[in-house]
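> 3D model of this:
(chains A, B, C and D)
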There are 2 protein chains.
Amino acid sequence: MAGKSYGQFCGLARALDVVGDRWNLLIVRELLIGPARFGQLRVGLPSIATNLLADRLKDLEGHGVIERRLAEDGNAIAYALTPWGQQLQEAIDALIRWSTPVMRYGRRADSFDPRWLVPALHALLADRRTSTPVTLVVLVDGIHIQVAVDGDGPHVQVLDEPPDGAAVLRATPETALALAAGAITPEHAAAVSDNPADQVAIHTVFGPSFTRSE
Amino acid sequence: MAGKSYGQFCGLARALDVVGDRWNLLIVRELLIGPARFGQLRVGLPSIATNLLADRLKDLEGHGVIERRLAEDGNAIAYALTPWGQQLQEAIDALIRWSTPVMRYGRRADSFDPRWLVPALHALLADRRTSTPVTLVVLVDGIHIQVAVDGDGPHVQVLDEPPDGAAVLRATPETALALAAGAITPEHAAAVSDNPADQVAIHTVFGPSFTRSE
DNA sequence: CCGCATCCTCATGGATACTG
DNA sequence: CAGTATCCATGAGGATGCGG
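Numbering: from 1, shown residues only, chains lettered A, B, ... in the order given. Below is the predicted model:
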């Protein structure tokens, strides 16, 4: 059921023994966005075979990376990361940052789920700090993604319903990524917004990467 | 030859399209220690099939992660990381740090190469900074590993020949890892050394993890 | 020896049908 | 909806061959 161990007394090899099998880190990515049920995982992992998803979930649970819970609606099962599993965010962030050269090629024929911007924005904005908290909502493909930056760093989450009164930046996936990666300037992106208040949030979140005091 | 793409417009998925196949990150780990020839890679990757190693090297070269060079001795081929490939260190560091819970089980029946302590020590000491540079040599299984910490962080490398005059800590693999991970105190390790000068270096390198000014 | 290429076997992944 | 069972395609693992 599980992949074969490398049999090496090495941290990297042992980490890969746990999460190195195909699909495993993508499942963790999905659960990093939030707890999910089997069917929801299938949506975020189009093209995974159901038997593989079931196998991987068992493996990850057995290794202590994820756990089964009761879903909010009572009797169904939901999967969620354990504290140890959540600590994979640092590694996933690093891999996402490393991938920026191959993301510049654009979407091509790949599938896309706007919720994937959650880990991406977190990774690319990981070093952001602000003394006064700032919130910006990025609207991509009809999904509202809230990016809040404070003294602890960025906090990114999907909003279930459109916010009112918040600064909103409507963007394509490519634009949102390029902005977070610093490949295009906030000035360029801000042009698409008409609200002056939005401009401040856009510049604060996506501005130069050194620590900002304001 | 190469594994199948996930077909997702997501940084993590694209990163895994490049380095997610079995053995790939372990090959990068070996090259992070230093450029190596085919045969040297086989030593650091016991149990890899030679055709797989050849395949993976082609894949990684094709993706721009590694490159073929002329070895030092002239006409042979050596493999080395490209600048982009070197940037995988951040991700590998994160995976190594994440693996500490599964490293505490000890070596068991796994194979071991003391050179694997190079990425491990780098990962576990990554946040160390000192205003005045400190150098400590860790001797494990007859291999001398130099750990130099300065204002830029730790610099870890294998020494080809024993140093003279430097502080040396003789340790088992488990002890070296536990020390770097903060699982045991420098006092405990320092007991194995008899040289008072060594004690300073041991405490500076392996002491509490907050930034040290001295 | 080193750096692969070829062949063969079998475990794993992938697609689809099926069941509680 | 949440998986399990089945079957086929593919890639890993291991042995061996072979030119430089």
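> quick one: which helix or strand includes the closest residue to DNA strand D within chain A?
Residue nearest to DNA strand D within chain A: A:Gly39 (2.7 Å; Cβ to the nearest atom of the strand). For glycine as for every other residue, the C-beta is placed from the backbone atoms N, C-alpha and C. For A:Gly39, the host element (DSSP states H and E) is helix A:38-44.
> Does the next helix or strand after that helix reach DNA strand D?
Remark: after helix A:38-44, the chain's next helix or strand is helix A:50-63, criterion DSSP H and E. Yes - interface with DNA strand D: helix A:50-63 contributes A:50-51, A:54, A:57-58 (Cβ under 7 Å from any atom of the strand).
> Now the lowest-mean-pLDDT helix or strand in chain A - C-alpha only, CSV.
The helix or strand with the lowest mean pLDDT-type score in chain A, counting by mean pLDDT, DSSP states H and E, is helix A:186-190 (a mean of 77). Written as CSV, here are the backbone C-alpha positions of helix A:186-190 (Å, rounded to 0.1, in the frame of the first residue of the first chain):
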residue,chain,number,x,y,z
PRO,A,186,1.4,47.0,-7.5
GLU,A,187,1.0,50.1,-9.6
HIS,A,188,0.4,48.0,-12.6
ALA,A,189,-2.2,45.9,-10.7
ALA,A,190,-3.8,48.8,-8.9
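> Tell me the helices and strands packed up against that helix.
helix A:173-181, helix A:196-206 (3 or more Cβ pairs under 8 Å, 6 or more residues apart in numbering or on different chains; DSSP states H and E).
> which other helices and strands contact the first one?
If I follow you right, that is helix A:173-181. helix A:100-103, helix A:117-124, strand A:134-140, helix A:186-190.
> 10 Å instead, please
The helices and strands touching helix A:173-181, judged by 3 or more Cβ pairs under 10 Å, 6 or more residues apart in numbering or on different chains; DSSP states H and E, are helix A:89-98, helix A:100-103, helix A:117-124, strand A:134-140, strand A:143-150, strand A:168-170, helix A:186-190, helix A:196-206.
> quick one on the thing from earlier: which ones, among the residues of helix A:50-63 next to DNA strand D, also lie beside DNA strand C?
When the residues of helix A:50-63 next to DNA strand D are checked against DNA strand C using Cβ under 7 Å from any atom of the strand, the ones in range are A:50-51.
> show me what contacts whichever residue of chain A sits closest to DNA strand C?
At 3.4 Å from DNA strand C, A:Ala49 is the closest residue in chain A, using Cβ to the nearest atom of the strand. By Cβ atoms under 10 Å, 6 or more residues apart in numbering or on different chains, the contact list for A:Ala49 reads A:23, A:42, A:55.
> ok, the second one - how many residues close by?
The reference is to A:Arg42. 16 (other Cβ atoms under 10 Å in any protein chain shown).
> How about the first one?
Each residue near A:Trp23 was counted by other Cβ under 10 Å, and the total is 23.
> Spatially nearest residue to it (excluding sequence neighbours)?
Setting aside the residues directly before and after it, A:Trp23 is nearest to A:Arg56 in space (Cβ to Cβ, 6 or more residues apart in numbering or on different chains), at 5.3 Å.
> Roughly how far does the one you found sit from B:Thr135?
According to Cβ to Cβ, to the nearest Å, A:Arg56 and B:Thr135 sit 44 Å apart.
> When those two are compared, which one has more neighbours?
Taking neighbours as other Cβ under 10 Å, A:Arg56 and B:Thr135 compare with A:Arg56 leading, 24 against 16.
> give the contact list for A:Ala76.
A:37-39, A:69-70.
> Ramachandran coordinates for it?
phi -90, psi 170 (degrees, to the nearest 10).
> Give me the distance between it and chain B.
26 Å (Cβ to the nearest Cβ, to the nearest Å).
> Can you give me the pLDDT of that residue?
For A:Ala76, the model assigns a pLDDT of 85.
> Likewise for A:Arg22?
Reported pLDDT for A:Arg22: 93.
> B:Asp17 is in contact with that one, correct?
No - in this structure, A:Arg22 is not within contact of B:Asp17 by Cβ atoms under 10 Å, at 11.0 Å.
> which one of these two has more residues nearby?
Legend: neighbour count by other Cβ under 10 Å for A:Arg22 and B:Asp17, higher for B:Asp17 (21 against 17).
> Many thanks, we can stop here.
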